[in-house]
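J.: Here's a sequence, model it:
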Amino acid sequence: MPRTIVRLGAATIGAAAMVLTVACGRKPSPPPPPSTGPLTLVVDATDIGRKLYHAHELVPATPGSMTLVYPKWLPGEHAPTGPITDLVGLSFSAGGKPMGWQRDPVDMYAFHLGVPPGATVVEVELEFLSAGSTSGFSSAASATPHLAVVTWNQLLLYPDGVNTDQVNIQPRLKMPSGWQYATALHALSNGDGGVEFGQVSLTTLVDSPVLMGEFFKSIPLDTSDRPVALDVAADSASALAFSPALIGNARQLVVEADALFGARHFDSYHFLLSLSDHVAHFGLEHHQSNDSRVYERAAVNESPSLGVLAHEFVHSWNGKFRRPSGLATPNFQEPMRGDLLWVYEGLTQYLGYVLAVRSGLWTEQYYRERLAGIAASLDHTPGRAWRPLVDTATAAQLLYAAPPQWASLRRGTDFYDEGWLIWLDVDTEIRQLTKGERAIDDFCHRFYGGASGSPAVSPYTLDDVVATLNQVAPFDWRTFLLARVNAIGPRAPLEGIDRAGWRLAYTDARNDYLKTVEQGEEHTTDLAYSLGVRLSADGSIVDALVGSPAFLAGLGPGMRILKIGSKPYSPDGIRAAVSLAARPGPPIYLEIDNDGTVTTVPVDYRGGPREPHLQQVPGRPDVLASILATHVRR
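T.: Now for the predicted structure:
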C-alpha cells in the first residue's frame, strides 16, 4: 500500500510525538478540559451544484494532546451513521502553522493531534462530499442544483468527551446567490459573507438543519407567540403550487396536535419540506423543525406521502421532548440503546397517522387500506417465529442497513409498524376499560403535555409509560405491553383492529395503499398473499414468504422472472397470470434467471388475486372512526 509522508514544522514536534504514541498502541493523554469560549463554524455551500461543501472551524484549545471527534451516533437515526467516509480534505493548524494528526486505530471517528505551546485555538479545514445516492439517511443525497439541506453534523468536529449541551458554537452559512432558506436557528445578520446565526449549544446546532433553495416558499401555519411555518424548497417553481385545501390541512395538523398534546415544547417550529426526485425520501425529526423529503410533485398531487409531516411533527413531543433514557445520550459518540423504540417510533407512527387523518392529509379510506397492508405484512412474517419485536428495536442500528431480500424471514425495523398495531391495541383497550370516557389522547396530555416552554429533554423509562397509562385507566399495562413486544409466534397483534370494530380480510380487489407503492417510487409488485413473492419492476424477486407457493416451487430472492409462460415479464402480466389462476388449470410457468442459470419453474397456485383490506364487523361499533374523527372543528 502507498505510504503517506507528513512534513511537520518545528511547532508540530509535540503533535508528531503524540502521533507516534498512538501508532505504537499507547493511549494518548486525556483531553484537557474544554475551553469556555465558543467554537465557530463557517460552512460554504456555494459549490453545492457539485455536491461539495467546505467548512472552516475554530476550536478553543490548550497546549498538549487533544482529540477531536466527528459525530457518530445521530439522534433520530438511532445508529452510528455519521457519514465519516464522505469527510475529506481534513487539515489542522494553530497560529498559521500546520499540525500533524492521526486517526484513532480503533475509533474511526476520532482524530488525535498535539496542540503546540502558546496556542489557544485549533483551526480545522474540511470538505464534505454530499452523496449522489438516494438511499439512507445521513449518507444519502441531500442536494440538487436547486435545493439543499444543510445538516450540521456532517460539517464539524468537536472535542472528545464533552457534553454537547455545554459546548457553544457560532455558525455561519454561505449560500448560492439568490437562494432563500429556513431553519429553527435565529439569524443575526444576512449579507455578502453569508447568514450569521446566533450562538447555540452544539446539541441545538445539530438539531437545527437548514433548508435552502432557488425555488422557495414559506407558508405561515400559526402566528401565535410560538409560531409554526411550512417552509418548502423544490426543484421547480411549478412544484410549489400548494392548493388552499392542502394549506388548510397543514394548518389543521397544528391545531389537532395542540388538541392531542395540550402544550408546545418549542419556541417556534418549521416544517422543512424538500420536493425533489433527486434526494433521499424520508423524514427526520428535530425538536423545532423536521427534515421531510418527498418527490417533486407531491404537493401538486396532494400525495399521501405528505403524511410524513404529521409523523415528524409528533416527534417534537415523542422523541425530542420526551425521550427514552437509552437515547438521551450526552454527546454524539456515546452509544444509544434502542429497546424502547417501539414507544419512540411505534407510538409516533400511530399518533402521526391518526393526526394525518384528523387534519385531512389522509382520508379514512387510505388509513384503513394502509393499516390493512401493514397488518397483513406483519401477519405473514415468518421471522416472528424466532425474533421478538423488542429485538428489532434493540438491533435497530443493524437493521436500518439490512437489505430488502429475505426481509420477512430476517425482520426489519418492525417497531414502527408493529408499534402502530400495539398502540392501536392500547388505545382501544383504554376506551373499552373506561367505556369510552378516555383514550390515548388522555395519556398524551399527561405524558407529553404540561406547560408550554422552550425545548428541553425529559427522559423516560418503561416504568414511566406504565405509570401514566395506569393514571388514565388502571390495568396491568406492563404485562399487556411486554407480552406483545416479547412474543415469539406466527401472528401479528391484531387485537386492536378487532376491538376497533374491524377485521383483516383478503379479496381480489386492489389495496389502495399497495397500489400507491407499486405505482410510486418503489415500483414493488406485492403478491405476498397469493404467489408469496414481492417483485421489483424488472421481475427480480425481493422476498419470498416461507411456505408460500413460490417458496415451495424453489423461488427466492436474487432470482429474476424473465417470462410468464411465453411472454416477457411485466407487472401487469404477472397479475393477469394470478387472476387466471382463480379457476382450475395448469400451474403458472415462470422462466427464472438464477445467477445466469435459466430454468422454467411451475408454481402451483389456484387462489386468484388476494389483497388485504379492513372489513367492518357487523353489529359492532366503529371505534376506528371515533379515533380518526377531527377533534377541532375547522
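
J.: which stretches of the stretch 301-450 of the chain have low pLDDT?
T.: For the stretch 301-450 of the chain, no stretch is flagged by pLDDT under 70.

J.: quick one: the helices in it?
T.: Applying DSSP state H, counting those that start in this stretch to the stretch 301-450 of the chain gives helices spanning 308-314, 341-344, 346-359, 364-379, 389-394, 396-399, 407-410, 417-433, 440-448.

J.: could I get those helices as CSV with distance to E214?
T.: To be clear about C-beta, it is placed using only N, CA and C from the backbone, and glycine gets the same treatment. CSV is the format used below for those (distance: least, CB to CB, whole Å):
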stretch, distance to E214
helix 308-314, 22
helix 341-344, 35
helix 346-359, 29
helix 364-379, 32
helix 389-394, 40
helix 396-399, 36
helix 407-410, 38
helix 417-433, 36
helix 440-448, 37
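
J.: a markdown table please, covering those and showing distance to H287 and mean neighbour count.
T.: Below are these laid out as a markdown table (distance: least, CB to CB, whole Å; neighbours: other CB atoms under 10 Å):
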| stretch | distance to H287 | mean neighbour count |
| --- | --- | --- |
| helix 308-314 | 11 | 26 |
| helix 341-344 | 14 | 26 |
| helix 346-359 | 14 | 26 |
| helix 364-379 | 27 | 21 |
| helix 389-394 | 22 | 23 |
| helix 396-399 | 21 | 18 |
| helix 407-410 | 32 | 20 |
| helix 417-433 | 21 | 23 |
| helix 440-448 | 13 | 20 |
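
J.: Can you tell me which of the ones you listed is nearest to V603?
T.: Closest approach to V603 among these is made by helix 407-410 (17.6 Å; CB to CB).

J.: Tell me the gap between that closest one and the middle of its chain.
T.: Helix 407-410 has its C-alpha centroid displaced from the chain centroid by 20 Å (CA atoms, centre = their mean, to the nearest Å).

J.: same check, this time on stretch 119-134
T.: 24 Å.

J.: my guess is A439 meets A629, correct?
T.: No - using CB atoms under 8 Å, A439 is not in contact with A629; the gap is 11.0 Å.

J.: between those two, who's got more neighbours?
T.: More crowded of A439 and A629, by other CB atoms under 10 Å: A439, with 19 against 11.

J.: Quote the end-to-end distance of stretch 225-244.
T.: Length of stretch 225-244, first residue to last, CA to CA, to the nearest Å: 24 Å.

J.: related to what we said a few turns ago, mind checking which of the helices of the stretch 301-450 of the chain is nearest A234?
T.: Short answer: helix 308-314, nearest of these by CB to CB, at 15.1 Å.

J.: contacts for that closest one?
T.: 230, 250, 253-254, 257, 269, 271, 273, 282-285, 290-292, 294, 348-349, 351-353, 355-356, 359, 361 (CB atoms under 8 Å, 6 or more residues apart in numbering).

J.: dump the residue contacts of R491.
T.: R491 sits next to 379, 384 when contact means CB under 8 Å, 6+ apart.

J.: For it, pull up the helix or strand it's in.
T.: Here R491 is covered by no helix or strand, with elements defined by DSSP states H and E.

J.: Bridged to L147, which residues?
T.: Beta bridges link L147 to G213, judged by DSSP bridges.

J.: so how far is G89 from it?
T.: 24 Å (CB to CB, to the nearest Å).

J.: can you tell which of the helices of the stretch 301-450 of the chain is closest to A509?
T.: Per CB to CB, nearest to A509 of the helices of the stretch 301-450 of the chain: helix 364-379, 10.2 Å.

J.: Go ahead and confirm G383 touches L409.
T.: Yes - contact criterion CB under 8 Å: G383 and L409 qualify, at 5.0 Å.

J.: ok, the host helix or strand of V43: who's next to it in the sheet?
T.: V43 is part of strand 39-44 when elements are defined by DSSP H and E. Using DSSP bridges, the strands paired with strand 39-44 are strand 52-60 (antiparallel), strand 168-174 (parallel).
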